[in-house]
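Engineer: Following is a predicted model, sequence given first.
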Amino acid sequence: MTVNRKTIAIVAGALLLVALPVIAGLTDEPYLVTLASRILIYALAAVSLDLMLGFGGMVSLGHAAFFGIGAYGVGILSMHAFEGTVLFNWPLAIGGSQAALTVWPLAVLFSAAAAGIIGALSLRTTGMHFIMITLAFAQMLYYFFVSLEAYGGDDGLSLFARNTLPGLDLGDDRQFYFVCLAALALFLFFSWRLVHSRFGMVIRGCKDNERRMKSLGFPTFRYRLVCVIIAGAGAGLAGALIANQTEYVSPGLMHWTRSGEILVMVLLGGMGTLFGPVLGAATLLLMEEFLSIYTEHWMVFLGPFLVVVVLFAKRGIYGILAGGNGNHG
Amino acid sequence: MAEALLSVRSLVKHYGAVQASDRFCLEVARGELHALIGPNGAGKTTALNQLSGELKPDSGEIYFDGQDITPWPVHRRTRMGLARSYQITSIFDQLTVKENLALAIQAHNGHSFRFWRKAGDDPATRREIGPALERVGLEERATIPAVSLSHGEKRQLEVGMALVGRPKLLLLDEPYAGMGPGGAVELTKLIRRLKDHVSILLVEHDMGAVFSLADRISVLVYGRTIASGTPETIRADPAVREAYLGDETPAKEGTDA
């Protein structure tokens, strides 16, 4: 029966997400669409972290670094496009761009490259050391962007408009919402295939017992590194979207507290479940949205809630909704 | 004598002041079951970890199948045909028996940078999973999560995973540890069967098993091989008696374990 329950939960969730702009229109609450876009974008970042954390067993406190790099990719290219200046002159002159089809893949590429470098260094450690070193790298990047005066430094960088996509108007909140939804759906589908593929088996084996994986004949380092790169790429895409949504990027996007938030989303929703982090992102952001109306200390409520979920629902909110069985996402 | 399958030359490994391997030497011939015994703290595990590649020796060389494998990482040795099973059973609890074996099969069939197709649909896996299950006698238990197997069955699976990819040499690390009498009999049968297909280096405490199974035995004391030979020579060797066996003649009752 759990399979049915799981399917029902996922289908219901998907229907709700598709219908949401209509509901928002009918109830005359257009800000719901903005809020929901934000949830989808953070969900994408959380799902990408889940690949590393829930399936690969790599606990990172620096995931926001990749998120921030994706966002800055959009911000910086947009600024140059606006000013008509070049990004750099050598080896060939590259200017800015506003076209989503150019900028977003580039943003993803930047994040993936950063994940490759940070991952290659961090994966030489495990456990607590891995947590600390990913945190350290993310904070290094944070301070790097804080001091990067050319791109706004501490104050961040405002976009003069959202990116352009042929046939769509991303400036329209509803159209933008569906782009975010499509991005999340595609990434979820890709991740779901991934965790069941040969690659996914290796990653999950490494989480259980890396020593044994080596003695079975797997060069585990390179598999885990590719997993980090894929996770970083996903976060980069989310970053590119958040830059478009808020039309503003700042170093705050990659502060370690942001990494913590993404981590909490995964834990809350259910590690190693893929769909769980989507629920986690929704729960966290909705709590923030509605509790902060009453008090600015809304985290006082989040803390105990998180403790209860982690203690009593091993597979998070997703585990409660979809039933405890089936640890394969 | 024909060239040995495994030839260990003067391995040295220090832990601070402790000399865990002190010019450790060992020769394992093709097709034999070679046992490595020694009292507690003799450095058996250290020796084994260096053979499998999990520990780097301070000096010395390891030749396997004619090649110097001393600097090789674990996974490369495995692919060369040097497989290991662990003392503490080390299978993937959350996966089923079948998935455990499939993972081992996957390790020996090309790289795993395949992101799309379901792992279970892999042609190599589909081809080899049946024989792999049969080899360890777990066909009936194929779809059970490994965590719910009995201790003996876990051992069988553990060994089965090491056997995938048809290794040339199997390193068995104290397979009898924590095994009840019934399980031990099963395991002895399994090892006897394996003996015909693969060379084995057996590190073991259980003297009965060692003396009944081994073609040759090496005795390790304080990180050094003090004797090496057939069970009869080892039993008669005065140095071995003194250093390790005490005055008891251990394996006179070398009955089946």
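Structural biologist: Yep, that arrived.
Engineer: okay, now the residue of the stretch 101-250 of chain B found nearest chain A: neighbour count?
Structural biologist: When scored by CB to the nearest CB, the stretch 101-250 of chain B has residue B:107 as its residue closest to chain A, at 3.8 Å. All C-beta spots, glycine's among them, are computed from the backbone N, C-alpha and C. When counting by other CB atoms under 10 Å in any protein chain shown, one arrives at 24 neighbours for residue B:107.
Engineer: Find the nearest non-adjacent residue to the most far-flung residue of chain B relative to its centre, please.
Structural biologist: Most distant residue from the mean C-alpha position of chain B: residue B:116, 34.7 Å away (CA atoms, centre = their mean). For residue B:116, the nearest residue in space outside its immediate sequence neighbours is residue A:193; the separation is 5.3 Å by CB to CB, 6 or more residues apart in numbering or on different chains.
Engineer: returning to what we had before: can I assume the residue of the stretch 101-250 of chain B closest to chain A is in contact with residue A:214?
Structural biologist: No - with the criterion set as CB atoms under 8 Å, residue B:107 and residue A:214 do not qualify as a contacting pair; they are 9.6 Å apart.
Engineer: any common contacting residues for these two?
Structural biologist: When CB atoms under 8 Å, 6 or more residues apart in numbering or on different chains defines a contact, the residues bordering residue B:107 and residue A:214 alike are B:75, B:78.
Engineer: How about the contacts made by the nearest residue to residue A:46 once chain neighbours are set aside?
Structural biologist: Closest residue in space to residue A:46, ignoring its immediate chain neighbours: residue A:277 at 3.5 Å, by CB to CB, 6+ apart. If a contact means CB under 8 Å, 6+ apart, then residue A:277 has A:43, A:46-47, A:49-50, A:54, A:265-266, A:269-270 as its contacts.
Engineer: how does it look with 6 Å?
Structural biologist: A:46-47, A:50, A:265-266, A:269 (CB atoms under 6 Å, 6 or more residues apart in numbering or on different chains).
Engineer: isn't there a strand covering it?
Structural biologist: No - following the definition DSSP: H, G, I helix; E, B strand; the rest coil, residue A:277 is helix and is not counted among the residues of a strand.
Engineer: Could you check how far it is from chain B?
Structural biologist: Taking CB to the nearest CB, to the nearest Å as the criterion, residue A:277 is separated from chain B by 19 Å.
Engineer: pLDDT score for that residue?
Structural biologist: pLDDT, residue A:277: 96.
Engineer: before we move on, back to that, just give me the closest of the contacts of residue A:277 to residue B:93.
Structural biologist: Lowest distance from residue B:93 to the contacts of residue A:277 (CB to CB) belongs to residue A:50, with 20.8 Å.
Engineer: What residues does the closest one make contact with?
Structural biologist: When the contact criterion is CB under 6 Å, 6+ apart, the partners of residue A:50 are A:266, A:277.
Engineer: mind redoing it with 8 Å?
Structural biologist: If you count contacts by CB under 8 Å, 6+ apart, residue A:50 has them with A:191, A:266, A:271-274, A:276-277.
Engineer: And for residue A:93, the neighbour number?
Structural biologist: Neighbourhood size, residue A:93 [other CB under 10 Å]: 9.
Engineer: now the strands for the stretch 51-200 of chain B?
Structural biologist: Listed from the start of the chain, the stretch 51-200 of chain B has strands (DSSP state E, counting those that start in this stretch) covering B:59-64, B:67-68, B:82-85, B:169-173, B:199-203.
Engineer: which of those strands sits most buried?
Structural biologist: For the strands of the stretch 51-200 of chain B, the stretch with the most neighbours on average is strand B:82-85, a mean of 26; neighbours defined as mean count of other CB atoms under 10 Å in any protein chain shown.
Engineer: what about residue B:85, distance to chain A?
Structural biologist: 9 Å.
Engineer: who's in contact with that residue?
Structural biologist: Residues in contact with residue B:85 (CB under 8 Å, 6+ apart) are B:158-159, B:161-162, B:170-173, B:175.
Engineer: Show me the subset of these that also lies near chain A.
Structural biologist: B:161-162 (CB under 8 Å from any CB of the partner chain).
Engineer: check which helix or strand covers residue A:235.
Structural biologist: Using DSSP states H and E, residue A:235 falls within helix A:220-246.
Engineer: what's that helix packed up against?
Structural biologist: helix A:31-50, helix A:63-83, helix A:100-122, helix A:173-196, helix A:198-216 (3 or more CB pairs under 8 Å, 6 or more residues apart in numbering or on different chains; DSSP states H and E).
Engineer: Could you save these as JSON lines and add columns showing mean pLDDT?
Structural biologist: Output for the helices and strands packed on helix A:220-246, formatted as JSON lines (pLDDT from 0 to 100):
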{"stretch": "helix A:31-50", "mean pLDDT": "96"}
{"stretch": "helix A:63-83", "mean pLDDT": "95"}
{"stretch": "helix A:100-122", "mean pLDDT": "96"}
{"stretch": "helix A:173-196", "mean pLDDT": "96"}
{"stretch": "helix A:198-216", "mean pLDDT": "93"}
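Engineer: So which of these is nearest residue A:302?
Structural biologist: Minimum separation from residue A:302 across these (CB to CB) falls at helix A:31-50, 14.6 Å.
Engineer: The closest one: how far from the chain's middle?
Structural biologist: With CA atoms, centre = their mean, to the nearest Å as the basis, helix A:31-50 stands 8 Å off its chain's centre.
Engineer: dump the residue contacts of the residue nearest to residue A:18 when sequence neighbours are not counted.
Structural biologist: In this structure, residue A:18 finds its nearest non-sequential neighbour in residue A:181, 7.3 Å apart by CB to CB, 6+ apart. For residue A:181, the contacting residues are A:17-18, A:40, by CB under 8 Å, 6+ apart.
Engineer: Quick one: residues contacting the closest residue to residue B:154 other than its chain neighbours.
Structural biologist: On the basis of CB to CB, 6+ apart, the spatially nearest residue to residue B:154 that is not a chain neighbour turns out to be residue B:89, at 4.6 Å. With contact taken as CB under 8 Å, 6+ apart, residue B:89 is in contact with B:151, B:154-155, B:158.
Engineer: And the residues you listed, which is closest to residue B:128?
Structural biologist: Top of the list for closeness to residue B:128, among the contacts of residue B:89 and by CB to CB, is residue B:158 at 17.7 Å.
Engineer: Surely that closest one and residue B:86 touch.
Structural biologist: Yes - under the contact definition of CB under 8 Å, residue B:158 touches residue B:86, with a separation of 6.7 Å.
Engineer: which of those two has more neighbours?
Structural biologist: With other CB under 10 Å as the criterion, residue B:158 and residue B:86 differ in neighbour count, and residue B:158 comes out ahead with 26 against 23.
Engineer: for the more buried one, what are its contacts?
Structural biologist: B:85-86, B:89-91.
Engineer: Check residue A:210 too.
Structural biologist: The neighbours of residue A:210, taking CB under 8 Å, 6+ apart as the test, are A:126, A:220.
Engineer: measure it to residue A:126 for me?
Structural biologist: Shown here: residue A:210 relative to residue A:126, a distance of 8 Å by CB to CB, to the nearest Å.
Engineer: and if you look at residue A:283?
Structural biologist: For residue A:283, the distance to residue A:126 under the criterion CB to CB works out to 30 Å.
Engineer: neighbour-wise, which of these two wins?
Structural biologist: A count of neighbours by other CB under 10 Å puts residue A:283 above the other of residue A:283 and residue A:126, at 21 against 14.
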